[in-house]
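Trainee: Got a sequence here, can you build the structure:
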Amino acid sequence: MENHRHKVEKVAASVQQFHKRDEPFRIYHGSTNSTRRTTYSGENSVDISRLSLVLKVDATARTVLVEPNVSMDRLVEATLEHGLIPPVVMEFPGITVGGGFAGTGGESSSFRHGYFNETVNFIEIVLGNGDVVIASRAERSDLFHGASGAVGTLGITTLLEIQLIEAKRYVKATYHPVGSVSEAVDKVRKETSNPDIDYLDGILFSQGHGAIVTGSLADSSPSSAQVQTFSNAKDPWYYLHVKGKSLRSDKVHTEYIPLPEYLFRYDRGGFWVGASAFDYVRFPFNWFTRWFLDDFLHTRMLYRALHASRQSTRYVVQDLALPYTTAERFIDYTSESFGIWPLWLCPLRQTRLPTFHPHSAKTEADGQTLKPMLNIGLWGFGPSRHDHFVAKNCQLEHKLRELGGTKWLYAHTYYTEEEFWEIYDRQSYDTLRQKYHAGSLPSVWHKVMVDTVSQNHEMNHSWSSWVLQFWPVGGLWGILKAIESGDYLIARRSAWKSTHDSNNISE
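Mentor: Reported below is the predicted structural model:
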């Protein structure tokens, strides 16, 4: 902890200097899983990239003490050594603990455990004046709940204690074919009440074909059962595997997946976003090319390439949560307006209000319990013309509001400031910013909004931005920068690929 304390003191001292000069600053994490374009300047940023260690796993208390830049794969590797895992694990290995808390982490276990922040016991946070404090449900609870989802605009989180649960060797995954959108939505809703499952999500491949996947932690697999992995270059991509297993509408398929393989099943191909890279470069998409190019097709590399290529200015990456009652209408709208398939379905248990997490004020019959929501992942190419792309995203946001939904703020956000604060509770947020000296940090809206005026100016007046718009320059540049990052080595060396053989996982 001494090393951690020294790192936090440096961060706090840097923040104090900005506060004394009354200068705005931003936080530099060293990596991002947001699709928003970020720029780093050492002159106006506080660097917390070195806060990246798992400090302590307490097997008795079932907790882990961790710095914010620890990625999901490193966290899982550390806790599996003690036969434990976090209740909510983001599906992309490179997403960090701090990102899950300050952003939104809603995954296939969130129908039961809620968003990732619900599994956090307390945080250590550097306030905007440089003070270092603890916040939890019992101490500074307003800051604890307010900082969750506020994308780092109330302070700098430097330490988190996260709850853990018992790990088991496998996830027993069952693929339930569905033949319509309404059947898919209804199946997800019904399965959220199933006490025998631990994980639940779904994939809609088209209006008439989908699969709802239920998962249960299992100590062992029957000797006759198929054990399936997804992390090796020769393994299938998960979504293609599910598609093949769900083609017959009358057949439910069950198999056993080693636990960490299940947790990071979407890493290769980034759900199915990686298939778009093949479309972009006009390269054959088959088992051999996926095997041959495997190093480039893990999520860390895909994010690097997406940012460097500037393709995020024409690629729709949006997660959108809605009440179950309007989810089918929203999917009909996206099908007609965007024509993007597949779609990801993920049921969510809401967090308390007010919040920047996806939310709805609708309650159950008791008038207190917030109704669950259904997240819809919409990821695919949008219009090639930038003005049309922006208009489409604005229309999407307006339709989402019309149907009672809210979006995840990691993505491009086009709401005007007035529209944004019609959705979120500005009064309580501004009160927190004043109380905890956060005025030197950008507000949530300023941090997440897309400045279309500046973006258009850059695309028209910056030679580099202009040339990257032309095929295949942007894509090739993105590949080059991804290779230079060396992130492909992280996937190669990941210890979790072999941890399902560990004796520490219960039998």
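Trainee: okay, and for the stretch 151-300 of the chain, where does confidence drop off?
Mentor: In the predicted model, the stretch 151-300 of the chain carries no residue with pLDDT under 70.
Trainee: which residues in it form strands?
Mentor: 156-163, 165-166, 170-178, 199-206, 209-218, 253-258 (DSSP state E, counting those that start in this stretch).
Trainee: want to try JSON lines for these, with distance to F116 and mean neighbour count as columns?
Mentor: Where you see a C-beta, it was placed from the backbone N, CA and C, and this is true even at glycine. Compiled in JSON lines, those are given as follows (distance: least, C-beta to C-beta, whole Å; neighbours: other C-beta atoms under 10 Å):
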{"stretch": "strand 156-163", "distance to F116": "9", "mean neighbour count": "23"}
{"stretch": "strand 165-166", "distance to F116": "14", "mean neighbour count": "14"}
{"stretch": "strand 170-178", "distance to F116": "19", "mean neighbour count": "22"}
{"stretch": "strand 199-206", "distance to F116": "15", "mean neighbour count": "22"}
{"stretch": "strand 209-218", "distance to F116": "18", "mean neighbour count": "22"}
{"stretch": "strand 253-258", "distance to F116": "21", "mean neighbour count": "19"}
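Trainee: want to try JSON lines for the ones you listed, with distance to T369 as columns?
Mentor: Listed next are the strands of the stretch 151-300 of the chain as JSON lines, based on distance: least, C-beta to C-beta, whole Å:
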{"stretch": "strand 156-163", "distance to T369": "21"}
{"stretch": "strand 165-166", "distance to T369": "23"}
{"stretch": "strand 170-178", "distance to T369": "27"}
{"stretch": "strand 199-206", "distance to T369": "19"}
{"stretch": "strand 209-218", "distance to T369": "23"}
{"stretch": "strand 253-258", "distance to T369": "32"}
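Trainee: Of the ones you listed, which is nearest H82?
Mentor: strand 165-166 (10.0 Å; C-beta to C-beta).
Trainee: other SSEs contacting that closest one?
Mentor: Judged by 3 or more C-beta pairs under 8 Å, 6 or more residues apart in numbering; DSSP states H and E, strand 165-166 is in contact with strand 84-85.
Trainee: Which strands border the strand it packs on, and is each parallel or antiparallel?
Mentor: strand 165-166 (antiparallel) (DSSP bridges).
Trainee: just to revisit the earlier point, which one of the strands of the stretch 151-300 of the chain lies closest to P442?
Mentor: Among the strands of the stretch 151-300 of the chain, strand 156-163 sits nearest to P442 (C-beta to C-beta), with 12.9 Å.
Trainee: Just checking the distance from that closest one to the centre of its chain.
Mentor: 17 Å (C-alpha atoms, centre = their mean, to the nearest Å).
Trainee: can you check stretch 101-114 too?
Mentor: The answer for stretch 101-114 is 9 Å, by C-alpha atoms, centre = their mean.
Trainee: Equivalent analysis for stretch 337-353, please.
Mentor: Going by C-alpha atoms, centre = their mean, where stretch 337-353 is centred and where its chain is centred differ by 12 Å.
Trainee: returning to that earlier point: F356: which of the strands of the stretch 151-300 of the chain is closest?
Mentor: strand 156-163 (14.6 Å).
Trainee: K243 - nearest residue in space that isn't next to it in sequence?
Mentor: Spatial nearest neighbour of K243, excluding adjacent residues (C-beta to C-beta, 6 or more residues apart in numbering): F205 at 5.6 Å.
Trainee: Please save the CA atoms from stretch 204-218 in CSV.
Mentor: What follows is stretch 204-218, C-alpha atoms only, in CSV (Å, rounded to 0.1, in the frame of the first residue of the first chain):
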residue,chain,number,x,y,z
LEU,A,204,-30.8,-11.1,-32.8
PHE,A,205,-29.3,-12.0,-36.2
SER,A,206,-32.4,-10.7,-38.1
GLN,A,207,-36.1,-10.0,-37.6
GLY,A,208,-36.7,-13.8,-37.9
HIS,A,209,-33.7,-15.4,-36.2
GLY,A,210,-32.1,-15.0,-32.8
ALA,A,211,-30.9,-16.8,-29.8
ILE,A,212,-31.3,-16.2,-26.1
VAL,A,213,-28.4,-17.6,-24.1
THR,A,214,-28.8,-18.6,-20.5
GLY,A,215,-25.7,-19.5,-18.4
SER,A,216,-25.3,-21.3,-15.0
LEU,A,217,-22.1,-21.7,-13.1
ALA,A,218,-21.2,-25.4,-12.9
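Trainee: how far does it sit from the chain's center?
Mentor: Using C-alpha atoms, centre = their mean, the distance between the centre of stretch 204-218 and that of its chain works out at 19 Å.
Trainee: circling back: residue contacts, the residue nearest to K243?
Mentor: A211, K243, W341, P342 (C-beta atoms under 8 Å, 6 or more residues apart in numbering).
Trainee: just these now: which is nearest E67?
Mentor: Closest to E67, out of all of these and judged by C-beta to C-beta, is P342, at 35.2 Å.
Trainee: close enough to count as contact, the closest one and L204?
Mentor: Yes - using C-beta atoms under 8 Å, P342 is in contact with L204, at 5.9 Å.
Trainee: how close does the residue nearest to K243 get to A211?
Mentor: Separation of F205 from A211 (C-beta to C-beta, to the nearest Å) stands at 8 Å.
Trainee: for L302, same thing?
Mentor: From L302 to A211 the distance is 23 Å (C-beta to C-beta).
Trainee: can you check G405 too?
Mentor: From G405 to A211 the distance is 23 Å (C-beta to C-beta).
Trainee: do E161 as well
Mentor: Distance from E161 to A211, by C-beta to C-beta: 36 Å.
Trainee: so who does the residue nearest the centre of the chain touch?
Mentor: The residue lying closest to the centre of the chain (C-alpha atoms, centre = their mean) is G105, at 5.3 Å. Applying C-beta under 8 Å, 6+ apart to G105 gives the contacts V88, M90, I95, G99, Y115, F116, N117.
Trainee: please redo it, this time with the cut-off set to 10 Å
Mentor: 72, 86, 88-91, 95-97, 99, 114-119, 148-149, 357, 408, 410 (C-beta atoms under 10 Å, 6 or more residues apart in numbering).
Trainee: that older thread, which stretch among the strands of the stretch 151-300 of the chain approaches Q350 most closely?
Mentor: Of those, nearest to Q350 by C-beta to C-beta is strand 199-206, at 15.7 Å.
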